[in-house]
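Chemist: here's a sequence, model it:
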Amino acid sequence: MLSSTAAIGDPELAKKSCVPCNSKDMHAMSEDSAKKLLEQVSGWELATEGDILKLHRAWKVKNFVKGLEFLQLVAAIAEEEGHHPNLHLVGWNNVKIDVWTHSVRGLTDNDFILAAKINNLNLEGLLSKKATVQK
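Modeler: Have a look, this model is predicted:
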């Protein structure tokens, strides 16, 4: 359920596919590299939890059920890509998503690809008038 009118950031990034994370050659990117790629995924921010660099974004949805619908859309993309973010429905109307590559304990290109695909979701009817919230 991607919307051609909802694209935010680099449309080319959203066209890529995640690669398997079990490669011994895959390593977490530097914070500088992550900051450069962050420009291609509007609305996302870098967050450090412990010593792990992650992508984080939050949205305010109309209600609890709309939040669950949003998470189902993200889950479908995550399954398709084989790359699974941490999904949170906080309170009754705050959706928060954290993305990182668990196997390398940091960020890889996969995380930015997934963030771009999430940005391309058609969220019409799901978000409240105040579409995004801070952390």
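Chemist: any weak-confidence spans in the protein?
Modeler: Flagging of the chain using pLDDT under 70 yields the residue ranges 1-11, 23, 130-135.
Chemist: all helices of it, in order?
Modeler: Using DSSP state H, the helices of the chain run over 11-15, 31-38, 64-81, 109-119.
Chemist: deepest of these, which one?
Modeler: helix 109-119 (a mean of 24; mean count of other CB atoms under 10 Å). The C-beta positions use only the backbone N, C-alpha and C, and glycine is treated the same way.
Chemist: thinking again about what came up before, to residue 25, which of the helices of the chain lies closest?
Modeler: Proximity to residue 25 (CB to CB) singles out helix 109-119 among the helices of the chain, at 12.6 Å.
Chemist: can you give the contact residues for the closest one?
Modeler: With CB atoms under 8 Å, 6 or more residues apart in numbering as the test, helix 109-119 has contacts from 2, 6-10, 13-14, 16-19, 21, 29, 37-38, 40-44, 54-55, 57, 74, 77-78, 81, 83, 85, 97, 99-101.
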